[in-house]
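In: model the following, please.
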Amino acid sequence: EVQLVESGGGMVQPGGSLRLSCAASGFTFINYDMSWVRQAPGKGPEWVSSINIGGGSTYYADSVKGRFTISRDNAKNTLYLQMNSLKPEDTALYYCAAKVVGSDPRDDYDYWGQGTQVTVSS
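Out: Modelled structure (predicted):
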C-alpha cells in the first residue's frame, strides 16, 4: 500500500519556523521526484517546491523562495520542508506529492499525502 504521511505542522507566530516531514512507503522513493503543494482555505492548490530524485535540483515558488528549503533523505524515504520566516499568508494545508521520474510535467502527481496543517498567527 502506497503511503505518504506528512507531519510537523502546527501553529506558529509570524517569523517563526517549522519543519515538515513526509514519510513515504509502498513505492520506490528514489524513482520519484517529490513536491510540496499547499492549499489555503477557500483557495486552490498552490505548488510550493519540488526536488529531483537525487536531491541535487530544487525549485521554489516565488512566494517562498529564500524562506523555505526542500530536501530529501533517500535512505529514510523521507521528504522535508524547512520553513523559516513564516508569514500569515503561509497558512495552509501542506501536502507532499510524488511523480515518477520522466513523466510528463503536465501530468498530475502519482501519489498524495493526507496533508498537515500549518497556521501562522499571532
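
In: tell me, what residue is most central in the chain?
Out: residue 36 (2.4 Å; Cα atoms, centre = their mean).

In: quick one: pLDDT of residue 63?
Out: pLDDT, residue 63: 97.

In: tell me the SS of it?
Out: Assigned by DSSP: H, G, I helix; E, B strand; the rest coil, the conformation of residue 63 is coil.

In: try residue 30
Out: helix.

In: measure the closest residue to it other than its chain neighbours to residue 46 for me?
Out: Excluding its sequence neighbours, the residue lying closest to residue 30 (Cβ to Cβ, 6 or more residues apart in numbering) is residue 74, at 4.9 Å. C-beta: built from backbone N, CA, C; applies to glycine. Note on residue 74: its distance to residue 46, by Cβ to Cβ, to the nearest Å, is 26 Å.

In: state the helix or strand in which the closest residue to residue 52 other than its chain neighbours lies.
Out: Closest residue in space to residue 52, ignoring its immediate chain neighbours: residue 33 at 5.4 Å, by Cβ to Cβ, 6+ apart. According to DSSP states H and E, residue 33 maps onto strand 32-39.
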